[in-house]
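In: based on what follows, work out the 3D shape:
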Amino acid sequence: MRLSDSVEWGAAGAVARLASLGGHRRAVNLKEGTAVDGLAARALRLVLPPRCLLCGAVGADGRDLCAGCAGDFALNAVCCPRCALPLQAPAPLCGECLKQEPPFASAWTPFRYEHPLDLLEARFKFRADLAAGRVLSALMIKRAAADAPMLPELLIPVPLHTARLRERGYNQALELAEPLARALAISLRADWLLRTRATPPQTGLDAKTRRRNLRGAFAVAAGATLPEHVALVDDVMTTGATLRECARVLRAAGVARVDVWALARAPGRSAVPSPASGRRGPEGPDEGTPE
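Out: Residues are numbered from 1 along each chain as shown. Predicted coordinates:
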């Protein structure tokens with residue numbers, strides 16, 4: 001295991017690509033701040049205490065999350081050690097991993113995709129609420145320190161296709177990966193794994209259909225010098241189809257070990273409830289970045 005002393009962003013390639021999208025800000029985010037993340041809100045944070053994004057109480061430890069709500073996030077403590085699927089009781093592997101081993105070595109997903117994480121995730125991913133993203137990344141960093149996952153040499157966020165990046169304005173996986181890389185002193189490259197083909201939305205599709213849609217949708221960038229141990233970073237792991245395909249591509253390019261780091265794991269491989277609704281819907285997670 002080798003940790004870098006500085007974080008590599010691959011800025012030249014990323015900025016060059018995003019310049020064609022009309023972006024003038026840093027590559028991670030193309031949109032102006034929302035009401036909770038704009039200049040006025042950031043100025044107020046200097047003189048007023050942060051407020052919890054969930055209940056409105058005073059935030060704890062300088063975050064937009066109070067101590068009470070921070071305790072409501074369900075940890076993914078009992079899960080498959082290979083794919084992080086939540087389990088009722090500890091087991092060496094889940095049934096799916098016993099039938100077919102995934103191309104990644106392990107998956108670390110500290111939280112389960114349940115209330116109230118689903119609410120913050122929807123705000124972060126679909127409503128450009130970067131304050132919610134900051135809270136989620138802080139929670140992920142805190143769990144990384146507590147759970148001590150095996151540290152890779154490089155973090156790679158799951159990429160968005162340029163069409164979806166233009167529409168959304170930012171890559172939520174990169175927003176999570178950037179603070180993680182800084183906190184853990186691990187190199188980060190957002191330009192070495194590319195989304196080469198736009199695919200239909202994955203929401204509502206079973207695992208087999210998702211895998212078929214994603215075949216050939218990713219490629220390693222020309223000139224990338226990948227290390228032996230890489231971790232893919234994403235927001236929500238649902239069926240694992242996107243992350244499996246990304247891991248397969250990296251392994252084919254010579255990476256010896258690929259791990260998966262995702263904020264949360266959905267409770268099943270084919271059915272994910274939309275936030276605060278109890279049923280599937282257009283705002284449910286779509287495997288992080290399967291767009």
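In: can you report phi and psi for Asn213?
Out: Its backbone dihedrals place Asn213 at phi -60, psi -30, with angles given as degrees, to the nearest 10.
In: what's the local residue count around it?
Out: Around Asn213 there are 19 other residues, counting by other Cβ atoms under 10 Å. Backbone N, C-alpha and C define where each C-beta goes, glycine included.
In: tell me the secondary structure for Val258?
Out: Reducing the assignment at Val258 to three states with DSSP: H, G, I helix; E, B strand; the rest coil gives strand.
In: can you pull the contacts of it?
Out: With Cβ atoms under 8 Å, 6 or more residues apart in numbering as the criterion, the residues that contact Val258 are Pro103, Phe104, Ala105, Val230, Ala231, Leu232, Cys246, Ala247, Leu250, Arg251.
In: measure Met150 to Leu184 for me?
Out: 11 Å (Cβ to Cβ, to the nearest Å).
In: quick one, which of the two is more surrounded?
Out: Just comparing Met150 and Leu184: by other Cβ under 10 Å the higher neighbour count belongs to Leu184, 18 against 12.
In: for the host helix or strand of Glu178, name the packing helices and strands.
Out: Using DSSP states H and E, the secondary-structure element containing Glu178 is helix 172-184. Contacting helix 172-184 under the criterion 3 or more Cβ pairs under 8 Å, 6 or more residues apart in numbering; DSSP states H and E are the following elements: helix 117-126, helix 130-147, strand 154-157, strand 187-188, strand 229-237.
In: go again with 6 Å.
Out: Taking 3 or more Cβ pairs under 6 Å, 6 or more residues apart in numbering; DSSP states H and E as the contact definition, the neighbouring helices and strands of helix 172-184 are helix 130-147, strand 154-157, strand 229-237.
In: the contacts of Val258 in helices, which ones?
Out: Among the contacts of Val258, the ones falling in helices (DSSP state H) are Cys246, Ala247, Leu250, Arg251.
In: the nearest residue to Arg112 once chain neighbours are set aside: how many residues sit nearby?
Out: When the adjacent residues along the chain are set aside, Arg112 lies closest to Ala74, with 4.3 Å between them (Cβ to Cβ, 6 or more residues apart in numbering). Number of residues near Ala74 (other Cβ under 10 Å) recorded here: 15.
In: partners of Gly195 in the sheet?
Out: Actually, residue 195 is Arg rather than Gly. Under DSSP bridges, the beta-bridge partners of Arg195 are Phe218.
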